[in-house]
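> Sequence first, predicted model second:
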Amino acid sequence: MRKRLYQIDVIKVFAIFSVVSVHFLLNSGFYDISVTGWIPTIDVFLRAIFITAVPLFIMATGFLMGDKFLSSSYIVKIWRTLLLYVIVSIIDWIGHTLILGSKISFSDALYGMLDFSTDSYAWYVEMYIGLYLLIPLLNAAWHYQSNEQYHLYILIISVILFFLPSLFNVFGKIMPDWWTAAYPIGYYYFGVYFKTYFSKIQKIPLKQLLFWSIMIFSVISLIAVNNNYGKIFQWTSENDYMGYQPFIVAIILFLLFLRLPFKREKHRKYKILTKISGMTLTIYLFSDLTDSIIYHDFKLMVPSTNNRLVWGPLIVICSFISATILSFIVEKILSKLSNTRKA
């Protein structure tokens, strides 16, 4: 049995909290106001961090699943993800209907599960299903050769195809960008690389890594502020998931988290950390419901978008805790049902 790397648990918990945090900007109206003043400017900096949630999740997937190969048991495991998705989507629909007065019929909700719209955050599940099915193929390519030069070739090709176009096409298309929508493959391979060469990563001087991380993040953040200050924040290829900005920030965050000084033996004090880490997908899906309920009342109580931004930490914590509690209940019920069936 492999020893647990608590660094990956930290990455997943940070990523799920980042999901709820970046959705605050979406639901509070941040993208509808001009970036002027201290608070909107700080939110631009925070967005540069929290937008890495999806990249961090995908890299964590690569780290954890880089040695998986095609088998019947591998295919079967996707059904738990689909079951969770269906259960949470039904609860999401019930909550929107009973609490928020949604007029979506049950049949429309069922159809919405097929196009991943009943739960508005479920696009990630749609992406993950495809990635999960591709993983045995991606791993087969990775393990075709075991030398680092070959693995670096895969990373370089990934950067060229998925992320570099956002940097070089800022002022016009000078690089092919057809493959950028396949960015999850790039993040996945970086996660596999970090797992394969984890021992080398642990030898990187922490002070040096921290210094360069701060310098690089400062530059990227200042670019983001400079590009958006005095106007409404713009989603561009630079700051989207396939953009060089989230890509670089996600890489340095992943490396920093991997350098955390956890001991590899099991500790009871990490129980909450590992519990939340194991529920991240459920929390992610439930946050659609908790966000909808909380922001519905929050917007009525605080009509001004600029005033809403001040309440960010409290609102994010409330939504995160609510989604976590709902996830714990559902996961507990499913666990008991599974144990009962086995008995």
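Right, received. Where do you want to start? Numbering: from 1, shown residues only.
> switch to C-alpha atoms for all contacts and neighbour counts from now on
Noted.
> Do a quick rundown of the helices in the stretch 1-150 of the chain.
6-28, 38-50, 53-65, 72-76, 78-98, 106-114, 123-142, 148-158 (DSSP state H, counting those that start in this stretch).
> The longest one to helix 53-65, inter-axis angle?
When you say that, I think you mean helix 6-28. Put simply, helix 6-28 runs at 160 degrees to helix 53-65, going by axes from the mean of the first three to the mean of the last three Cα atoms, to 10 degrees.
> now helix 6-28 against helix 38-50, angle please.
In terms of direction (the same axes, to 10 degrees), helix 6-28 departs from helix 38-50 by 140 degrees.
> Could you give the average pLDDT over helix 6-28?
The average pLDDT within helix 6-28 is 97.
> same for that helix, what does it pack against?
Counting contacts by 3 or more Cα pairs under 8 Å, 6 or more residues apart in numbering; DSSP states H and E, helix 6-28 packs against helix 38-50, helix 53-65, helix 244-258, helix 271-278, helix 280-301, helix 312-342.
> Give the residue spans of the protein that score low on pLDDT.
Along the chain, the parts satisfying pLDDT under 70 run over 1-2, 263-267, 340-343.
> mind running it again at 50?
Within the chain, the stretches falling below the threshold (pLDDT under 50) are 1.
> residues contacting the residue nearest in space to the middle of it?
With distances taken as Cα atoms, centre = their mean, the residue of the chain nearest its centroid is residue 54 (2.4 Å). Contacts for residue 54 (Cα atoms under 8 Å, 6 or more residues apart in numbering) come out as 15, 19, 241.
> ditto for residue 246
Contacts of residue 246 (Cα under 8 Å, 6+ apart): 48-49, 51-52, 55, 239-240.
> Among the residues you listed, find me the one that's closest to residue 123.
Checking those against residue 123 by Cα to Cα gives residue 55 as the nearest, at 14.1 Å.
> The closest one reaches residue 186, doesn't it?
No. Assessed by Cα atoms under 8 Å, residue 55 is found out of contact with residue 186, at 9.4 Å.
> Now for residue 245, how many residues are close by?
27 (other Cα atoms under 10 Å).
> Spatially nearest residue to it, not counting backbone neighbours?
residue 239 (5.5 Å; Cα to Cα, 6 or more residues apart in numbering).
> do you know how far that neighbour is from residue 197?
Distance of residue 239 to residue 197, computed by Cα to Cα, to the nearest Å: 28 Å.
> ok, these two, which is more surrounded?
Between residue 239 and residue 197, counting by other Cα under 10 Å, residue 239 is the more crowded of the two (21 against 11).
> For that one, what is the enclosing helix or strand?
Taking DSSP states H and E as the definition, one finds residue 239 inside no helix or strand.
> State the distance from it to residue 227.
Separation of residue 239 from residue 227 (Cα to Cα) stands at 11 Å.
> again with residue 80
Distance, residue 80 to residue 227, using Cα to Cα: 43 Å.
> Look at the residue nearest to residue 109 when sequence neighbours are not counted and say how many residues are nearby.
The shortest distance from residue 109 to any non-neighbouring residue, by Cα to Cα, 6+ apart, is to residue 118 (5.5 Å). Using other Cα under 10 Å, residue 118 has 23 neighbouring residues.
> In contact with residue 70, which residues?
Residue 70 sits next to residue 136 when contact means Cα under 8 Å, 6+ apart.
> Would you mind measuring from it to residue 61?
For residue 70, the distance to residue 61 equals 16 Å [Cα to Cα].
> Then residue 248?
Residue 248 sits 18 Å away from residue 61, going by Cα to Cα.
> between these two, who's got more neighbours?
Comparing residue 248 with residue 61 by neighbour count (other Cα under 10 Å), the higher total belongs to residue 61, at 22 against 17.
> roughly how far apart are the more buried one and residue 193?
Here residue 61 is placed at a distance of 12 Å from residue 193 (Cα to Cα).
> now do residue 307
Counting by Cα to Cα, the gap from residue 307 to residue 193 is 43 Å.
> Neighbour count: those two, which is higher?
Set residue 307 next to residue 193 and count neighbours by other Cα under 10 Å: residue 193 wins out with 21 against 12.
> which ones are touching the more buried one?
Counted by Cα under 8 Å, 6+ apart, residue 193 has contacts 63, 151.
> how about it, secondary structure?
Counting by DSSP: H, G, I helix; E, B strand; the rest coil, the backbone at residue 193 sits in helix.
> Deepest-packed of the helices and strands packed on helix 6-28, please.
Most buried of the helices and strands packed on helix 6-28, by mean neighbour count (mean count of other Cα atoms under 10 Å): helix 53-65, with a mean of 24.
> That one vs helix 244-258, what angle?
Using the same axes, to 10 degrees: helix 53-65 against helix 244-258 is 50 degrees.
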